[in-house]
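Student: got a predicted structure here, sequence first:
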2 protein chains.
Amino acid sequence: MQNIEMRLLAKPLYLQVRDVLVNRISGGDWRPGASLPNETLLAQQLGISIGTVRKALDIMESERIVTRRQGRGTFVNDFSQQPLFFSNLVTRGGEPLIGQKHCKSVSHGVASEETAFQLDIVPNDAIITVKRVRYHDKRCYMTETCSLPSKKFAHLPEKLGDYRLSELAQMNGIIVGGAEESVSTQPANASDAGDLGIEPNTPVLALERKIFSERGDVLEWRSGRAFLRHERYVVRFV
Amino acid sequence: MQNIEMRLLAKPLYLQVRDVLVNRISGGDWRPGASLPNETLLAQQLGISIGTVRKALDIMESERIVTRRQGRGTFVNDFSQQPLFFSNLVTRGGEPLIGQKHCKSVSHGVASEETAFQLDIVPNDAIITVKRVRYHDKRCYMTETCSLPSKKFAHLPEKLGDYRLSELAQMNGIIVGGAEESVSTQPANASDAGDLGIEPNTPVLALERKIFSERGDVLEWRSGRAFLRHERYVVRFV
DNA sequence: AAGTGGTCTAGACCACAGA
DNA sequence: CTGTGGTCTAGACCACTTT
(Lines give C-alpha, C1' and ligand atoms only; values in the text may rest on other atoms or scores of the structure.)
Protein backbone atom coordinates (compact mmCIF):
# COMPACT_ATOMS: atom_id res chain seq x y z
CA MET A 1 0.00 0.00 0.00
CA GLN A 2 2.78 2.41 0.90
CA ASN A 3 6.52 2.53 1.08
CA ILE A 4 7.96 0.90 4.12
CA GLU A 5 9.69 4.16 4.98
CA MET A 6 6.35 5.93 5.01
CA ARG A 7 4.79 3.28 7.17
CA LEU A 8 7.39 3.51 9.86
CA LEU A 9 6.75 7.19 10.46
CA ALA A 10 3.04 7.24 9.91
CA LYS A 11 0.05 6.62 12.13
CA PRO A 12 -1.70 3.29 11.76
CA LEU A 13 -3.56 3.03 8.49
CA TYR A 14 -6.98 2.90 10.13
CA LEU A 15 -6.30 6.24 11.85
CA GLN A 16 -5.22 7.75 8.56
CA VAL A 17 -8.42 6.47 7.01
CA ARG A 18 -10.40 7.98 9.86
CA ASP A 19 -8.73 11.34 9.25
CA VAL A 20 -9.37 11.19 5.52
CA LEU A 21 -13.04 10.42 6.04
CA VAL A 22 -13.44 13.08 8.73
CA ASN A 23 -11.82 15.67 6.48
CA ARG A 24 -14.08 14.75 3.60
CA ILE A 25 -17.08 15.17 5.88
CA SER A 26 -15.82 18.52 7.16
CA GLY A 27 -15.14 19.55 3.59
CA GLY A 28 -18.73 18.85 2.61
CA ASP A 29 -18.23 15.76 0.45
CA TRP A 30 -20.92 14.09 2.54
CA ARG A 31 -23.43 16.41 4.21
CA PRO A 32 -24.99 15.70 7.59
CA GLY A 33 -27.71 13.11 7.14
CA ALA A 34 -26.18 11.73 3.94
CA SER A 35 -24.89 8.21 3.60
CA LEU A 36 -21.29 7.26 2.98
CA PRO A 37 -20.36 4.78 0.25
CA ASN A 38 -20.64 1.23 1.48
CA GLU A 39 -17.71 -0.35 3.21
CA THR A 40 -16.67 -2.54 0.29
CA LEU A 41 -16.63 0.43 -2.06
CA LEU A 42 -14.68 2.60 0.37
CA ALA A 43 -12.11 -0.17 0.75
CA GLN A 44 -11.77 -0.49 -3.03
CA GLN A 45 -11.49 3.26 -3.54
CA LEU A 46 -8.82 3.55 -0.84
CA GLY A 47 -7.06 0.41 -2.02
CA ILE A 48 -7.17 -1.20 1.42
CA SER A 49 -8.93 -4.04 3.14
CA ILE A 50 -12.50 -3.77 4.34
CA GLY A 51 -11.47 -4.64 7.90
CA THR A 52 -9.35 -1.51 8.05
CA VAL A 53 -12.21 0.63 6.81
CA ARG A 54 -14.46 -0.92 9.42
CA LYS A 55 -12.00 -0.09 12.17
CA ALA A 56 -11.90 3.55 11.04
CA LEU A 57 -15.70 3.65 11.01
CA ASP A 58 -15.81 2.05 14.47
CA ILE A 59 -13.79 4.98 15.76
CA MET A 60 -15.92 7.54 13.97
CA GLU A 61 -19.02 5.96 15.40
CA SER A 62 -17.58 6.16 18.92
CA GLU A 63 -16.76 9.82 18.23
CA ARG A 64 -20.43 10.37 17.33
CA ILE A 65 -19.50 11.44 13.81
CA VAL A 66 -21.40 8.75 11.95
CA THR A 67 -24.16 6.26 12.67
CA ARG A 68 -24.24 2.82 11.09
CA ARG A 69 -27.43 0.89 10.53
CA GLN A 70 -27.33 -2.72 9.54
CA GLY A 71 -28.96 -3.26 6.19
CA ARG A 72 -29.15 0.47 5.45
CA GLY A 73 -25.77 2.10 5.45
CA THR A 74 -23.47 4.53 7.26
CA PHE A 75 -24.79 8.06 7.78
CA VAL A 76 -23.19 11.34 8.76
CA ASN A 77 -24.74 12.51 12.02
CA ASP A 78 -26.83 15.64 11.89
CA PHE A 79 -26.78 17.66 15.11
CA SER A 80 -28.29 20.82 13.67
CA GLN A 81 -31.65 20.24 15.31
CA GLN A 82 -30.56 18.38 18.45
CA PRO A 83 -28.88 19.42 21.65
CA LEU A 84 -25.27 18.36 21.85
CA PHE A 85 -24.51 15.14 23.61
CA PHE A 86 -23.28 16.75 26.80
CA SER A 87 -26.32 18.76 27.81
CA ASN A 88 -26.29 18.26 31.55
CA LEU A 89 -29.25 20.22 32.65
CA VAL A 90 -32.19 17.87 32.76
CA THR A 91 -35.84 18.24 33.62
CA ARG A 92 -37.35 16.65 36.67
CA GLY A 93 -38.12 13.64 34.48
CA GLY A 94 -34.50 13.29 33.43
CA GLU A 95 -34.81 14.38 29.79
CA PRO A 96 -32.29 16.91 28.47
CA LEU A 97 -33.54 20.40 29.20
CA ILE A 98 -34.20 22.20 25.94
CA GLY A 99 -34.95 25.75 27.00
CA GLN A 100 -36.01 28.63 24.82
CA LYS A 101 -33.24 31.11 24.21
CA HIS A 102 -33.89 34.83 24.43
CA CYS A 103 -31.02 36.92 23.14
CA LYS A 104 -30.18 40.04 25.07
CA SER A 105 -27.22 41.28 23.03
CA VAL A 106 -24.82 40.33 20.27
CA SER A 107 -21.57 42.18 19.85
CA HIS A 108 -18.53 41.86 17.65
CA GLY A 109 -15.41 42.92 19.46
CA VAL A 110 -11.93 41.89 20.45
CA ALA A 111 -10.82 39.45 23.10
CA SER A 112 -9.78 40.60 26.54
CA GLU A 113 -6.82 38.97 28.24
CA GLU A 114 -9.11 36.60 30.10
CA THR A 115 -11.31 35.68 27.13
CA ALA A 116 -8.29 35.16 24.92
CA PHE A 117 -6.85 32.80 27.49
CA GLN A 118 -10.05 30.79 27.66
CA LEU A 119 -10.47 30.61 23.89
CA ASP A 120 -6.78 29.90 23.34
CA ILE A 121 -6.36 32.87 21.02
CA VAL A 122 -4.32 36.08 21.42
CA PRO A 123 -5.72 39.24 23.03
CA ASN A 124 -7.39 41.61 20.53
CA ASP A 125 -8.31 38.76 18.19
CA ALA A 126 -11.85 39.25 16.94
CA ILE A 127 -14.57 37.56 18.94
CA ILE A 128 -18.33 37.44 19.01
CA THR A 129 -20.05 37.84 22.35
CA VAL A 130 -23.64 36.79 22.87
CA LYS A 131 -25.58 37.37 26.05
CA ARG A 132 -28.83 35.58 26.51
CA VAL A 133 -31.22 34.01 28.96
CA ARG A 134 -32.98 30.66 28.84
CA TYR A 135 -36.56 29.87 29.71
CA HIS A 136 -38.30 26.65 30.62
CA ASP A 137 -41.89 26.36 31.77
CA LYS A 138 -42.18 30.14 31.41
CA ARG A 139 -39.45 30.67 33.98
CA CYS A 140 -36.00 32.09 33.33
CA TYR A 141 -33.62 29.52 34.79
CA MET A 142 -30.32 30.65 33.36
CA THR A 143 -28.31 33.54 32.06
CA GLU A 144 -25.30 33.05 29.86
CA THR A 145 -22.51 34.96 28.19
CA CYS A 146 -20.97 33.14 25.25
CA SER A 147 -17.72 34.01 23.49
CA LEU A 148 -16.78 32.66 20.08
CA PRO A 149 -13.55 33.14 18.13
CA SER A 150 -14.67 34.96 14.95
CA LYS A 151 -11.90 33.39 12.94
CA LYS A 152 -13.44 29.93 13.11
CA PHE A 153 -16.91 31.02 12.09
CA ALA A 154 -16.88 32.61 8.64
CA HIS A 155 -20.49 31.64 8.03
CA LEU A 156 -23.02 32.97 10.49
CA PRO A 157 -26.76 32.36 10.64
CA GLU A 158 -29.15 35.25 10.14
CA LYS A 159 -30.39 35.25 13.69
CA LEU A 160 -27.04 34.95 15.40
CA GLY A 161 -28.51 35.56 18.83
CA ASP A 162 -30.32 32.24 18.78
CA TYR A 163 -27.46 30.16 17.49
CA ARG A 164 -26.98 26.56 18.48
CA LEU A 165 -23.32 25.70 18.56
CA SER A 166 -24.04 22.36 16.90
CA GLU A 167 -25.63 24.18 13.98
CA LEU A 168 -22.95 26.88 13.83
CA ALA A 169 -20.18 24.29 13.78
CA GLN A 170 -21.90 22.32 11.06
CA MET A 171 -22.28 25.44 8.88
CA ASN A 172 -18.55 25.97 9.13
CA GLY A 173 -17.44 22.41 8.56
CA ILE A 174 -16.39 21.95 12.15
CA ILE A 175 -17.02 18.76 14.10
CA VAL A 176 -17.65 19.10 17.82
CA GLY A 177 -15.43 16.78 19.80
CA GLY A 178 -15.95 17.43 23.49
CA ALA A 179 -16.46 19.87 26.30
CA GLU A 180 -15.31 20.71 29.77
CA GLU A 181 -17.44 22.34 32.43
CA SER A 182 -16.53 23.73 35.80
CA VAL A 183 -19.28 24.03 38.40
CA SER A 184 -19.32 26.21 41.47
CA THR A 185 -21.76 28.16 43.57
CA GLN A 186 -21.71 31.94 43.57
CA PRO A 187 -23.98 34.77 44.66
CA ALA A 188 -26.12 36.31 41.93
CA ASN A 189 -25.09 39.82 40.91
CA ALA A 190 -27.65 42.54 40.24
CA SER A 191 -27.98 41.68 36.56
CA ASP A 192 -28.37 37.94 37.21
CA ALA A 193 -30.89 38.64 39.93
CA GLY A 194 -33.02 40.72 37.60
CA ASP A 195 -32.97 38.12 34.87
CA LEU A 196 -33.57 35.17 37.14
CA GLY A 197 -36.18 36.92 39.26
CA ILE A 198 -34.34 36.38 42.53
CA GLU A 199 -32.80 38.54 45.21
CA PRO A 200 -29.19 39.66 44.64
CA ASN A 201 -26.70 37.42 46.46
CA THR A 202 -28.98 34.42 46.20
CA PRO A 203 -26.62 31.51 45.54
CA VAL A 204 -26.77 30.16 42.01
CA LEU A 205 -24.85 27.53 40.09
CA ALA A 206 -22.00 29.09 38.13
CA LEU A 207 -21.28 27.03 35.01
CA GLU A 208 -18.16 27.76 33.02
CA ARG A 209 -17.96 25.69 29.90
CA LYS A 210 -15.59 25.28 26.99
CA ILE A 211 -16.56 23.38 23.88
CA PHE A 212 -13.84 21.81 21.78
CA SER A 213 -13.67 20.72 18.19
CA GLU A 214 -12.71 17.19 17.22
CA ARG A 215 -9.19 18.58 16.77
CA GLY A 216 -9.09 20.10 20.22
CA ASP A 217 -9.60 23.77 19.31
CA VAL A 218 -11.79 25.84 21.61
CA LEU A 219 -15.02 26.71 19.80
CA GLU A 220 -16.95 28.45 22.54
CA TRP A 221 -16.46 29.68 26.05
CA ARG A 222 -19.57 30.20 28.09
CA SER A 223 -20.12 31.60 31.53
CA GLY A 224 -23.58 30.80 32.83
CA ARG A 225 -25.57 31.32 36.02
CA ALA A 226 -28.43 28.97 36.74
CA PHE A 227 -31.12 29.04 39.37
CA LEU A 228 -32.72 25.63 39.40
CA ARG A 229 -36.02 24.51 40.86
CA HIS A 230 -37.31 21.34 39.28
CA GLU A 231 -34.44 21.13 36.82
CA ARG A 232 -31.24 19.39 37.84
CA TYR A 233 -27.60 19.34 36.84
CA VAL A 234 -26.67 15.71 36.33
CA VAL A 235 -23.49 14.04 35.21
CA ARG A 236 -23.12 10.46 34.14
CA PHE A 237 -19.86 8.54 34.02
CA VAL A 238 -19.53 5.31 32.14
CA MET B 1 -18.44 -23.68 17.53
CA GLN B 2 -22.04 -23.95 18.63
CA ASN B 3 -25.35 -25.20 17.34
CA ILE B 4 -27.03 -22.90 14.93
CA GLU B 5 -30.07 -22.84 17.20
CA MET B 6 -27.91 -21.59 20.04
CA ARG B 7 -26.35 -18.95 17.87
CA LEU B 8 -29.66 -17.49 16.79
CA LEU B 9 -30.73 -16.78 20.34
CA ALA B 10 -27.41 -15.85 21.79
CA LYS B 11 -25.45 -12.66 21.99
CA PRO B 12 -22.54 -12.26 19.60
CA LEU B 13 -19.70 -14.56 20.49
CA TYR B 14 -17.34 -11.72 21.40
CA LEU B 15 -19.83 -10.45 23.97
CA GLN B 16 -20.15 -13.92 25.42
CA VAL B 17 -16.38 -14.10 25.62
CA ARG B 18 -16.31 -10.72 27.34
CA ASP B 19 -18.82 -12.00 29.91
CA VAL B 20 -16.86 -15.18 30.50
CA LEU B 21 -13.63 -13.28 31.07
CA VAL B 22 -15.29 -10.68 33.30
CA ASN B 23 -16.86 -13.43 35.39
CA ARG B 24 -13.55 -15.19 35.75
CA ILE B 25 -11.99 -11.94 36.93
CA SER B 26 -14.82 -11.30 39.39
CA GLY B 27 -14.47 -14.89 40.57
CA GLY B 28 -10.84 -14.39 41.36
CA ASP B 29 -9.26 -16.51 38.61
CA TRP B 30 -7.09 -13.53 37.79
CA ARG B 31 -6.48 -11.05 40.60
CA PRO B 32 -6.10 -7.31 40.09
CA GLY B 33 -2.63 -6.63 38.75
CA ALA B 34 -2.25 -10.14 37.35
CA SER B 35 -1.84 -10.88 33.68
CA LEU B 36 -4.30 -12.83 31.58
CA PRO B 37 -3.14 -15.67 29.33
CA ASN B 38 -1.96 -14.37 26.00
CA GLU B 39 -4.47 -13.87 23.22
CA THR B 40 -3.44 -16.91 21.23
CA LEU B 41 -3.77 -19.16 24.27
CA LEU B 42 -7.16 -17.72 25.23
CA ALA B 43 -8.38 -18.33 21.70
CA GLN B 44 -7.19 -21.93 21.78
CA GLN B 45 -8.70 -22.57 25.21
CA LEU B 46 -12.05 -21.12 24.14
CA GLY B 47 -11.89 -22.82 20.77
CA ILE B 48 -12.41 -19.60 18.86
CA SER B 49 -10.45 -17.30 16.65
CA ILE B 50 -7.96 -14.81 18.02
CA GLY B 51 -9.79 -11.92 16.36
CA THR B 52 -12.86 -12.64 18.46
CA VAL B 53 -10.81 -12.71 21.64
CA ARG B 54 -9.25 -9.41 20.69
CA LYS B 55 -12.66 -7.84 20.17
CA ALA B 56 -13.74 -8.99 23.65
CA LEU B 57 -10.56 -7.53 25.14
CA ASP B 58 -11.09 -4.29 23.23
CA ILE B 59 -14.41 -3.93 25.01
CA MET B 60 -12.94 -4.81 28.39
CA GLU B 61 -10.24 -2.23 27.87
CA SER B 62 -12.82 0.43 27.05
CA GLU B 63 -14.65 -0.58 30.22
CA ARG B 64 -11.45 0.00 32.18
CA ILE B 65 -11.37 -3.62 33.33
CA VAL B 66 -8.03 -4.55 31.78
CA THR B 67 -5.00 -2.75 30.39
CA ARG B 68 -3.03 -4.12 27.48
CA ARG B 69 0.61 -3.36 26.92
CA GLN B 70 2.29 -4.23 23.70
CA GLY B 71 5.08 -6.69 24.24
CA ARG B 72 4.07 -7.35 27.85
CA GLY B 73 0.57 -8.70 28.12
CA THR B 74 -2.95 -7.98 29.27
CA PHE B 75 -3.40 -7.06 32.93
CA VAL B 76 -6.38 -6.84 35.24
CA ASN B 77 -6.70 -3.26 36.43
CA ASP B 78 -6.06 -2.62 40.10
CA PHE B 79 -8.02 0.28 41.51
CA SER B 80 -7.46 -0.51 45.15
CA GLN B 81 -4.96 2.30 45.59
CA GLN B 82 -6.29 4.80 43.08
CA PRO B 83 -9.30 7.09 43.00
CA LEU B 84 -12.02 5.87 40.67
CA PHE B 85 -12.05 7.26 37.18
CA PHE B 86 -14.88 9.70 37.79
CA SER B 87 -13.42 11.78 40.60
CA ASN B 88 -14.58 15.22 39.62
CA LEU B 89 -13.21 17.34 42.37
CA VAL B 90 -9.87 18.61 41.23
CA THR B 91 -7.22 20.82 42.77
CA ARG B 92 -6.41 24.23 41.42
CA GLY B 93 -3.82 22.54 39.23
CA GLY B 94 -6.36 20.17 37.73
CA GLU B 95 -5.22 16.93 39.35
CA PRO B 96 -7.84 14.69 40.97
CA LEU B 97 -8.37 15.81 44.55
CA ILE B 98 -7.32 13.03 46.90
CA GLY B 99 -8.43 14.23 50.28
CA GLN B 100 -7.87 12.59 53.62
CA LYS B 101 -10.97 10.92 54.98
CA HIS B 102 -11.92 11.32 58.64
CA CYS B 103 -14.67 9.00 59.72
CA LYS B 104 -17.29 10.41 62.05
CA SER B 105 -19.54 7.37 62.39
CA VAL B 106 -20.23 3.92 61.02
CA SER B 107 -23.55 2.24 61.60
CA HIS B 108 -25.22 -0.97 60.51
CA GLY B 109 -28.94 -0.52 60.12
CA VAL B 110 -31.85 -0.89 57.77
CA ALA B 111 -32.82 1.16 54.76
CA SER B 112 -35.40 3.92 55.00
CA GLU B 113 -37.89 4.36 52.20
CA GLU B 114 -35.70 7.00 50.58
CA THR B 115 -32.42 5.12 50.94
CA ALA B 116 -34.00 1.91 49.66
CA PHE B 117 -35.24 3.78 46.61
CA GLN B 118 -31.82 5.21 45.91
CA LEU B 119 -30.02 1.89 46.39
CA ASP B 120 -32.68 -0.03 44.46
CA ILE B 121 -33.36 -2.38 47.37
CA VAL B 122 -36.45 -2.82 49.54
CA PRO B 123 -37.05 -0.86 52.75
CA ASN B 124 -35.65 -2.56 55.85
CA ASP B 125 -32.93 -4.32 53.89
CA ALA B 126 -29.66 -4.12 55.77
CA ILE B 127 -27.43 -1.21 54.94
CA ILE B 128 -24.20 0.30 56.18
CA THR B 129 -24.10 4.04 56.73
CA VAL B 130 -20.81 5.91 56.98
CA LYS B 131 -20.54 9.57 57.77
CA ARG B 132 -17.25 11.30 57.24
CA VAL B 133 -15.48 14.48 56.30
CA ARG B 134 -12.65 15.10 53.88
CA TYR B 135 -9.62 17.31 54.30
CA HIS B 136 -7.25 18.86 51.84
CA ASP B 137 -4.50 21.33 52.69
CA LYS B 138 -5.56 21.04 56.33
CA ARG B 139 -9.02 22.34 55.51
CA CYS B 140 -12.26 20.38 55.64
CA TYR B 141 -13.82 20.87 52.25
CA MET B 142 -16.54 18.25 52.29
CA THR B 143 -18.90 16.24 54.44
CA GLU B 144 -20.50 13.06 53.17
CA THR B 145 -23.00 10.42 54.17
CA CYS B 146 -22.55 7.14 52.33
CA SER B 147 -25.01 4.25 52.20
CA LEU B 148 -24.08 0.77 51.07
CA PRO B 149 -26.30 -2.29 50.60
CA SER B 150 -24.91 -4.83 53.10
CA LYS B 151 -25.93 -7.73 50.91
CA LYS B 152 -23.36 -6.91 48.26
CA PHE B 153 -20.46 -6.54 50.67
CA ALA B 154 -19.85 -9.73 52.57
CA HIS B 155 -16.19 -8.91 53.07
CA LEU B 156 -15.43 -5.69 54.87
CA PRO B 157 -12.06 -4.11 55.64
CA GLU B 158 -10.92 -3.69 59.22
CA LYS B 159 -11.16 0.06 59.18
CA LEU B 160 -14.52 0.35 57.48
CA GLY B 161 -14.76 4.06 58.14
CA ASP B 162 -11.93 4.78 55.73
CA TYR B 163 -13.09 2.51 52.96
CA ARG B 164 -12.47 3.32 49.33
CA LEU B 165 -15.30 1.99 47.21
CA SER B 166 -12.82 0.81 44.61
CA GLU B 167 -11.11 -1.31 47.24
CA LEU B 168 -14.37 -2.54 48.80
CA ALA B 169 -15.71 -3.60 45.41
CA GLN B 170 -12.51 -5.42 44.59
CA MET B 171 -12.60 -7.32 47.89
CA ASN B 172 -16.05 -8.56 47.01
CA GLY B 173 -15.43 -9.45 43.39
CA ILE B 174 -17.44 -6.52 42.11
CA ILE B 175 -16.37 -4.44 39.13
CA VAL B 176 -17.31 -0.78 39.16
CA GLY B 177 -19.03 0.23 35.95
CA GLY B 178 -20.16 3.82 36.26
CA ALA B 179 -21.68 6.58 38.32
CA GLU B 180 -24.22 9.34 38.21
CA GLU B 181 -24.00 12.58 40.11
CA SER B 182 -26.51 15.32 40.61
CA VAL B 183 -25.22 18.77 41.54
CA SER B 184 -27.12 21.60 43.17
CA THR B 185 -26.53 24.45 45.55
CA GLN B 186 -28.01 24.36 49.03
CA PRO B 187 -27.56 26.21 52.30
CA ALA B 188 -25.36 24.49 54.86
CA ASN B 189 -27.22 23.08 57.86
CA ALA B 190 -25.83 23.38 61.38
CA SER B 191 -23.90 20.12 61.18
CA ASP B 192 -22.37 20.94 57.80
CA ALA B 193 -21.47 24.40 58.99
CA GLY B 194 -19.62 23.02 61.99
CA ASP B 195 -17.69 20.52 59.92
CA LEU B 196 -16.87 22.91 57.14
CA GLY B 197 -16.08 25.84 59.39
CA ILE B 198 -18.60 28.16 57.80
CA GLU B 199 -21.71 30.03 58.89
CA PRO B 200 -25.00 28.11 58.70
CA ASN B 201 -26.90 28.87 55.48
CA THR B 202 -23.73 29.54 53.56
CA PRO B 203 -24.39 28.07 50.12
CA VAL B 204 -22.49 24.87 49.41
CA LEU B 205 -22.41 22.41 46.56
CA ALA B 206 -24.73 19.48 47.23
CA LEU B 207 -23.44 16.36 45.50
CA GLU B 208 -25.69 13.31 45.30
CA ARG B 209 -23.93 10.38 43.75
CA LYS B 210 -24.75 6.80 42.89
CA ILE B 211 -22.07 4.34 41.90
CA PHE B 212 -23.04 1.37 39.74
CA SER B 213 -21.45 -1.99 39.16
CA GLU B 214 -20.56 -3.19 35.69
CA ARG B 215 -23.93 -4.99 35.75
CA GLY B 216 -25.84 -1.84 36.66
CA ASP B 217 -26.48 -2.56 40.36
CA VAL B 218 -26.24 0.36 42.75
CA LEU B 219 -23.19 -0.06 44.97
CA GLU B 220 -23.21 3.18 46.92
CA TRP B 221 -25.36 6.20 47.40
CA ARG B 222 -23.63 9.26 48.71
CA SER B 223 -24.93 12.63 49.75
CA GLY B 224 -22.15 15.17 50.08
CA ARG B 225 -21.81 18.87 50.85
CA ALA B 226 -18.74 20.66 49.61
CA PHE B 227 -17.40 24.12 50.29
CA LEU B 228 -14.76 24.81 47.70
CA ARG B 229 -12.05 27.43 47.66
CA HIS B 230 -9.17 26.54 45.42
CA GLU B 231 -10.65 23.18 44.50
CA ARG B 232 -13.08 22.91 41.62
CA TYR B 233 -15.79 20.59 40.41
CA VAL B 234 -15.02 19.81 36.79
CA VAL B 235 -16.67 17.58 34.25
CA ARG B 236 -15.22 16.52 30.95
CA PHE B 237 -17.21 15.19 28.03
CA VAL B 238 -15.57 13.39 25.17
C1' DA C 1 -33.49 -10.83 -4.76
C1' DA C 2 -30.07 -7.47 -3.98
C1' DG C 3 -27.51 -4.59 -1.03
C1' DT C 4 -25.99 -3.11 3.45
C1' DG C 5 -23.54 -3.51 7.87
C1' DG C 6 -22.25 -7.33 11.57
C1' DT C 7 -19.80 -11.52 12.94
C1' DC C 8 -16.22 -14.83 12.74
C1' DT C 9 -12.32 -16.96 10.97
C1' DA C 10 -7.29 -17.62 9.50
C1' DG C 11 -2.92 -16.09 8.80
C1' DA C 12 1.07 -12.86 7.80
C1' DC C 13 3.75 -9.51 9.50
C1' DC C 14 5.09 -5.40 12.64
C1' DA C 15 6.50 -3.11 17.11
C1' DC C 16 7.69 -3.46 21.66
C1' DA C 17 9.55 -5.61 26.08
C1' DG C 18 12.41 -8.51 28.53
C1' DA C 19 15.71 -12.42 29.25
C1' DC D 1 15.99 -14.51 20.76
C1' DT D 2 11.36 -15.22 22.27
C1' DG D 3 6.90 -13.83 23.54
C1' DT D 4 3.55 -10.33 23.70
C1' DG D 5 -0.01 -7.24 21.80
C1' DG D 6 -0.94 -4.26 17.30
C1' DT D 7 -1.89 -3.90 12.38
C1' DC D 8 -3.54 -5.41 8.06
C1' DT D 9 -5.39 -8.51 4.85
C1' DA D 10 -8.87 -11.79 2.61
C1' DG D 11 -12.90 -14.13 2.55
C1' DA D 12 -17.10 -16.71 4.21
C1' DC D 13 -21.32 -16.22 6.07
C1' DC D 14 -25.20 -13.95 8.94
C1' DA D 15 -28.90 -10.44 9.88
C1' DC D 16 -31.34 -6.71 8.52
C1' DT D 17 -33.62 -3.45 5.09
C1' DT D 18 -35.49 -2.23 0.90
C1' DT D 19 -36.99 -3.21 -3.80
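Tutor: That came in fine, so what should we check first? Residues are numbered from 1 along each chain as shown, chains lettered A, B, ... in the order given.
Student: what's the neighbour count on A:Thr185?
Tutor: The number of residues packed near A:Thr185 is 21, by other C-beta atoms under 10 Å in any protein chain shown. (C-beta placed from N, C-alpha, C; glycine too.)
Student: okay, it: pLDDT?
Tutor: As predicted, A:Thr185 sits at a pLDDT of 94.
Student: likewise for A:Pro83?
Tutor: A:Pro83 is assigned a pLDDT of 85 by the prediction.
Student: what do you get for A:Gly161?
Tutor: Confidence at A:Gly161, expressed as pLDDT, is 94.
Student: my read is it is in a helix, agree?
Tutor: Yes: if the criterion is DSSP: H, G, I helix; E, B strand; the rest coil, then A:Gly161 is within a helix.
Student: contact partners for the nearest residue to it once chain neighbours are set aside?
Tutor: Computed as C-beta to C-beta, 6 or more residues apart in numbering or on different chains, the closest residue to A:Gly161 that is not its neighbour in sequence is A:Cys103, at 2.8 Å. Neighbouring residues of A:Cys103 by C-beta atoms under 8 Å, 6 or more residues apart in numbering or on different chains: A:130-132, A:161-162.
Student: and the one helix or strand A:Cys103 maps to, which strands flank it?
Tutor: Using DSSP states H and E, A:Cys103 sits within strand A:100-110. Next to strand A:100-110 in the sheet, as set by DSSP bridges, lie strand A:126-136 (antiparallel).
Student: excluding residues flanking it in the chain, which one is nearest the residue sitting nearest the centre point of chain A?
Tutor: Computing the C-alpha centroid of chain A and ranking residues by C-alpha atoms, centre = their mean puts A:Val176 first, at 4.1 Å. Nearest residue to A:Val176 in three dimensions, chain neighbours excluded: A:Ala169, at 5.3 Å (C-beta to C-beta, 6+ apart).
Student: any idea how far B:Gln82 is from that neighbour?
Tutor: Per C-beta to C-beta, to the nearest Å, A:Ala169 is found 35 Å from B:Gln82.
Student: just checking, A:Thr98 touches A:Pro83?
Tutor: Not quite, residue A:98 is Ile, not Thr. Yes: A:Ile98 lies in contact with A:Pro83 (C-beta atoms under 8 Å); the separation is 5.9 Å.
Student: re earlier: so between A:Ala169 and B:Gln82, which is more surrounded?
Tutor: A:Ala169 (25 against 14).
Student: contact partners for the more buried one?
Tutor: Residues in contact with A:Ala169 (C-beta under 8 Å, 6+ apart) are A:79, A:175-176, A:213, A:219.
Student: A:Ser213 too?
Tutor: Neighbour list for A:Ser213: A:169, A:174-177, A:219 [criterion: C-beta under 8 Å, 6+ apart].
Student: could you rerun that using 7 Å?
Tutor: A:Ser213 is in contact with A:174-177, A:219, counting by C-beta atoms under 7 Å, 6 or more residues apart in numbering or on different chains.
Student: closest to chain B among those?
Tutor: Lowest distance from chain B to those (C-beta to the nearest C-beta) belongs to A:Gly177, with 7.3 Å.
Student: returning to what we had before: pLDDT, distance to DNA strand D and secondary structure for the contacts of A:Ala169 - can I get that in a markdown table?
Tutor: Formatted as a markdown table, these follow (pLDDT from 0 to 100; distance: C-beta to the nearest atom of the strand, whole Å; DSSP: H, G, I helix; E, B strand; the rest coil):
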| residue | pLDDT | distance to DNA strand D | secondary structure |
| --- | --- | --- | --- |
| A:Phe79 | 93 | 22 | coil |
| A:Ile175 | 96 | 22 | coil |
| A:Val176 | 96 | 25 | strand |
| A:Ser213 | 97 | 23 | strand |
| A:Leu219 | 98 | 28 | strand |
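Student: and which of these is nearest A:Gln16?
Tutor: A:Ile175 (17.1 Å; C-beta to C-beta).
Student: pretty sure the closest one sits against A:Arg215.
Tutor: No: counting by C-beta atoms under 7 Å, A:Ile175 sits too far from A:Arg215 to count as a contact (8.2 Å).
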